[in-house]
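# When you get a sec, could you give me coordinates for this:
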Amino acid sequence: MKIVRPLALLALSPMLLLAPACVSVKTMMKGTPSAAISKRLPPLEILADQGPLAMNDGALPEDPLKLFQQECRVNLTEPTDSATYGYAKLIVKKVRTLRTGRAVQGLQVLTFMIPAVVGVPLEWYKTTLQAEVQVSDAAGNLLGSYLGTGTSEVKVAMYHGYSQTAAPRLADVIALRSAMAQIRPQLDTATTRLRPLLMAGGTVENPTLPASSVVTGSR
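I've put the predicted structure just below:
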């Protein structure tokens, strides 16, 4: 019996690592911070290119576009249901994710997962991501490009953290949102120049708003 119990815990440990944690990734996906630029850009077509994020194990293919759409709606562009005056494209340029603390998992198993039960993290996902936002007029002429670098650190834990299935995606999402937070003040400074150029360039033919949904890159 003394041998059976440790073996049973060893068998169950992967299930414990995958068990849902207390915080929802969906909640984080909807949590765009309200930090509107001083003078919004006119309505734009919203595009996204996953770039190397398409090869990562975290973010879903639609995540960059959804996050950028939210950022534009909440902070960057004026609302519209018809005309658009150009394009805003989010491009993921670089991404790197590290998993740290995995050696702790062996110790957790040897101690029958007691540290995990009392709140000790099992590991961390750390993502560093560089993103670029390109703003172009209706004819596709590039008017400006703006770079930002974001980082994240998401812990895997049974109660005060995330599951191993949710943590990689959340690490990518937080890093991408962090990069956009760096880009936002750059657009705030540039909007005085960009706005008249976008308006002078006319409207986009066959606009897809209010549901712009063009994403490139594949996993």
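
# Closest to the mean position in this structure, which residue would that be?
The residue lying closest to the centre of the chain (Cα atoms, centre = their mean) is Val173, at 2.2 Å.

# quick check, distance from the helix or strand where it lies to the centre of its chain.
Using DSSP states H and E, Val173 falls within helix 167-200. Distance of helix 167-200 from its chain centroid, counting by Cα atoms, centre = their mean, to the nearest Å, is 12 Å.

# One more: stretch 130-142?
That offset, for stretch 130-142, works out to 20 Å (Cα atoms, centre = their mean).

# neighbouring contacts of it?
Residues outside stretch 130-142 that contact it (Cβ atoms under 8 Å, 6 or more residues apart in numbering) are 41, 44, 68, 84-95, 143-150, 176, 179-180, 183, 187, 190, 194, 197-198, 200-205. Where you see a C-beta, it was placed from the backbone N, CA and C, and this is true even at glycine.

# now, which of these lie within strands?
Using DSSP state E, the subset of the contacts of stretch 130-142 located in strands is 87-95, 143-150.

# could you flag which of those are buried?
87-93, 95, 143, 146, 148, 150 (16 or more other Cβ atoms under 10 Å).

# Need the nearest residue in space to Ile183, chain neighbours excluded.
Distances taken as Cβ to Cβ, 6 or more residues apart in numbering put Gly148 closest to Ile183, at 4.0 Å, once the chain neighbours are dropped.

# can you tell me how far that neighbour sits from Ala200?
Noted for Gly148: a distance of 27 Å to Ala200, by Cβ to Cβ, to the nearest Å.

# Same check on Leu122?
Counting by Cβ to Cβ, the gap from Leu122 to Ala200 is 55 Å.

# any idea where the helices of this structure begin and end?
For the chain, the helices defined by DSSP state H cover 4-18, 25-29, 63-71, 103-110, 114-117, 167-200.
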